[in-house]
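**Q** no sequence on hand, only this structure:
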């Protein structure tokens with residue numbers, strides 16, 4: 001019966017085993033899913049920060065109307081806090097919801113005032129304080145017109161606009 005058997009002394013080096021390929025594909029899948037989850041989370045965190053800040057600005061305006069005392073918000077690049085005029089000076093508020101807050105280190109705030117220097121809220125600034133990073137809400141509902149840009153390190157930006165009449169809007173800004 002002539003069965004010929006060939007015996008070779010060469011080791012098998014013809015490629016990767018199925019197990020090795022599966023492990024590599026699994027590692028690539030885990031790393032790429034983590035990257036996608038991080039990107040979506042950063043976008044959602046920015047959007048959430050903008051919505052919370054817009055609501056707090058609206059509440060500050062409402063607080064000025066309800067209490068009959070001017071309110072102010074002071075902005076820095078990475079934090080903000082609220083103050084109320086007590087008749088003699090601005091008193092920083094430390095109770096919720098008007099507690100100051102440091103924002104996520106990946107975001108930056110930039111305040112741009114738009115108010116005419118003769119609007120009531122702008123006139124209020126002159127005798128009370130000289131802070132250029134502070135905006136005001138009067139008890140009659142008027143505000144010092146401004147917009148606040150919140151920018152992520154990725155370049156994504158949102159703008160919170162506040163009009164002279166205290167109207168607040170939020171928009172995503174390109175570029």
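**A** Sure, I can see it. Keep in mind it's a predicted model, so treat the numbers as computed, not measured.

**Q** what's the offset of the longest helix along the chain from the middle of its chain?
**A** For the chain, the longest helix by residue count, based on DSSP state H, is helix 18-67. Helix 18-67 sits 10 Å away from the centroid of its parent chain (CA atoms, centre = their mean, to the nearest Å).

**Q** what is the following helix or strand past that helix packed up against?
**A** Using DSSP states H and E, the helix or strand that follows helix 18-67 in sequence is strand 71-75. Contacts defined by 3 or more CB pairs under 8 Å, 6 or more residues apart in numbering; DSSP states H and E place strand 71-75 against helix 18-67, strand 79-85, strand 134-137. Placement of C-beta: from N, CA and C, glycine included.

**Q** would you turn these into a markdown table with mean neighbour count?
**A** Supplementary listing: the helices and strands packed on strand 71-75 in a markdown table, determined by neighbours: other CB atoms under 10 Å:
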| stretch | mean neighbour count |
| --- | --- |
| helix 18-67 | 14 |
| strand 79-85 | 19 |
| strand 134-137 | 26 |
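
**Q** now the ones you listed in TSV, with distance to residue 165?
**A** As requested, the helices and strands packed on strand 71-75 are exported to TSV (distance: least, CB to CB, whole Å):
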stretch	distance to residue 165
helix 18-67	10
strand 79-85	20
strand 134-137	11
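
**Q** ok, which of these comes nearest residue 107?
**A** Proximity to residue 107 (CB to CB) singles out helix 18-67 among the helices and strands packed on strand 71-75, at 6.2 Å.

**Q** remind me what the closest one packs against, helices and strands.
**A** With contacts taken as 3+ CB pairs under 8 Å, 6+ apart, helix 18-67 sits against strand 71-75, strand 79-85, strand 134-137, strand 146-152, strand 157-162, strand 168-173.

**Q** for residue 37, find the nearest of these.
**A** Between these, strand 146-152 lies closest to residue 37; by CB to CB that is 16.2 Å.

**Q** which residues sit against the closest one?
**A** 42-43, 46, 49-50, 53, 57, 75, 103, 106-115, 135, 157-162, 173 (CB atoms under 8 Å, 6 or more residues apart in numbering).

**Q** change it to 7 Å
**A** Contacts with strand 146-152, where a contact means CB atoms under 7 Å, 6 or more residues apart in numbering, come from 42, 46, 49-50, 75, 106-115, 135, 157-162, 173.

**Q** and if you look at stretch 71-85?
**A** 57, 60, 63-64, 69-70, 90-93, 98, 100-103, 105, 108-109, 111, 128, 131, 133-137, 148.

**Q** residue 69: neighbour count?
**A** 16 (other CB atoms under 10 Å).

**Q** fine by me, thanks again.
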